[in-house]
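> Here is a sequence with its predicted model. Questions after.
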Amino acid sequence: MKIENDIPLPAAGAGIRAHSEELRKELGLFDLVMAQVLLVIVLDFFGTAAKAGSAHVVFWLVAFVLFFIPLAMVVAHLNRLMPLEGGLYEWARLAFGDKVGFLVAWNLWLFVMLYVAVIGLVTTTFVAYALGPAAAWIASSRWLILAVSFGLILAMMFLTALGLRVGKWLSNAGSIATLITLAILIATPLLNRGQGTLAGYHPLRLTMPPLTVFSLSVFSKMMFGALSGFEYVAIFAGECRNPARNLTRSVLITAPFIALIYIFATSSILAFVSPEAVDVVGAIPQVLRSGSRAFGFAAFIVPLAIVLLFVNYPTSFSVYFSASARLPMVAGWDHLLPEWFTRLHPRYKTPVNSILFLGAVTLAGSVVALIGVGPQEAYELLLTWAFTFYAIAYLALFAIPFLSPNDRGLRPRLWLRLAAVSGFLMTLLYVVLSIFPIVDVQSSWGYSLKIAGGVLGANALGWAIYRAGRQKEGDRSDDGPGNS
């Protein structure tokens, strides 16, 4: 089904709805709320936010007004109009055509592939903190990191193949474990303050940040990295019950709660660790270890909290992985990828070929990431690459309300278009500043070239794949129905 701008929107989405009838409708409102918590609360960026020091509250407030609230509004608007399996990919394709839709899906897919590739780095770091100083070697052993990566990625492939009937319970468990751990983190400085082991704690202190490239880079990373994700669950629209209503409600329910968590959790980190000394890979376990003395006889809570925190990563990555596996399937429905990607498991109705392909390239990414750099730089490279690809897809998301053709019927009222412009500009700021590192790296110029070259090269490859596919489709059309 080739989409052109003169096809009415309801007719354009009808084919996707027809294919979606084959899928199991497993997700209700509670499952969607839990998934939003798991995907939007990105633990990696608490350490990034702590790099802003006492200015983090101002940064968070600015990010909420200029990015987070506009995102929630735009996602609610687009989901109401287009509750389709494939989410943002289909929104962009129906708004701007196949070319833009394909590149949006390509960048979303690269985002998940690279983001999931950090799972070995994160897991070994958290295990090292949970076991104490004697286990510090675990976080720097490349062979162990690779072994853990392979094991967890293979497990995600298996769980994704089983479908959301199993996956939603894993997601719900991960969300609950994350909320428990963050509650302990937020309570840690309060307990230390009560015990007299913490001199001062001012979680809502407003400090104006310095206007430097470094501070703007920190702001853009914490803004986009931490506050994106509301639209990702919409990829499962065809597997939701009443997606037009429940996906929107899940955004409105979780947004205020998530905003408060980010402010107070970042303040808790800075109560124990200076911005210079924060471990961007494991900031939360680092602080839980530092503040454990206030727990007294209940000090066992700290390693338990770190274990619960670890649960967040395989569960959230599993949701990302599962959603990303749907993108080639839906693109195959639209004839933008080979039909091979659309084949469903006869029992579980999951895209097994797409899952195998995504798992293979993710395993390869986890190997390549560790070549020639240390774990901290590898982590920062993977994270920045991943979220820069994600941000490119977000540029299309925010462009839909104010740049889509008028005859598509996707342009909302002026106030929502202005909100979309704000989100677009903030996302563009993140893309521009993504090349500046916020951790010590072997070479700043080398790091910047890796980020820029990787993003530009990957999108050039995506464009070439799209053009080759279109040319192949054209050749088939020219052959005629009876020719080989």
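Arrived safely.

> CA atoms for contacts and neighbours, from now on please.
Noted.

> pLDDT averaged over stretch 166-175 - what is it?
The pLDDT scores in stretch 166-175 average 91.

> Sorry, slip of the keys, the one I care about is stretch 213-227.
When pLDDT is averaged over stretch 213-227, the result is 86.

> Dump that stretch to CSV, keeping only the CA atoms.
Listed in CSV are the C-alpha atoms of stretch 213-227, where the atom choice follows Å, rounded to 0.1, in the frame of the first residue of the first chain:
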residue,chain,number,x,y,z
VAL,A,213,28.4,24.7,25.9
PHE,A,214,28.9,22.0,28.6
SER,A,215,25.8,23.1,30.6
LEU,A,216,23.7,23.3,27.5
SER,A,217,24.9,19.9,26.4
VAL,A,218,23.9,18.4,29.8
PHE,A,219,20.5,20.2,29.6
SER,A,220,19.8,18.9,26.2
LYS,A,221,20.8,15.3,27.1
MET,A,222,18.8,15.2,30.3
MET,A,223,15.8,16.8,28.6
PHE,A,224,15.5,14.6,25.6
GLY,A,225,17.0,11.4,27.0
ALA,A,226,15.0,11.4,30.2
LEU,A,227,11.7,12.9,29.0
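
> So which bits of it are buried?
By neighbour count with 16 or more other Cα atoms under 10 Å, stretch 213-227 contains the buried residues 214-227.

> which ones among these are found in helices?
If you go by DSSP state H, the buried residues of stretch 213-227 have 214-227 in helices.

> Now these in TSV, please, with extra columns for distance to residue 66.
Below are these laid out as TSV (distance: Cα to Cα, whole Å):
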residue	distance to residue 66
214	20
215	17
216	14
217	16
218	16
219	12
220	11
221	14
222	13
223	9
224	11
225	14
226	14
227	11
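
> and the spatially closest residue to residue 343 that is not a sequence neighbour, what does it touch?
Nearest-residue entry for residue 343: residue 351, 5.6 Å, with adjacent residues in sequence omitted and distances by Cα to Cα, 6 or more residues apart in numbering. Neighbouring residues of residue 351 by Cα atoms under 8 Å, 6 or more residues apart in numbering: 161, 325, 326, 329, 341, 342, 343, 344, 345.

> could you redo the last one with a cut-off of 6 Å?
Listed by Cα atoms under 6 Å, 6 or more residues apart in numbering, the contact partners of residue 351 are 342, 343, 344.

> that older thread, which two among the ones in helices among the buried residues of stretch 213-227 are spaced furthest apart?
Maximum pairwise distance in those, criterion Cα to Cα, is 19.5 Å, between 214 and 227.

> how about the helices in the stretch 251-400 of the chain?
Remark: helices assigned in the stretch 251-400 of the chain by DSSP state H, counting those that start in this stretch are 283-290, 301-333, 352-368, 375-403.

> Quick check: buried residues in the first one?
If you call a residue buried by 16+ other Cα under 10 Å, then helix 283-290 has these buried ones: 283, 284, 285, 286, 287, 288, 289, 290.
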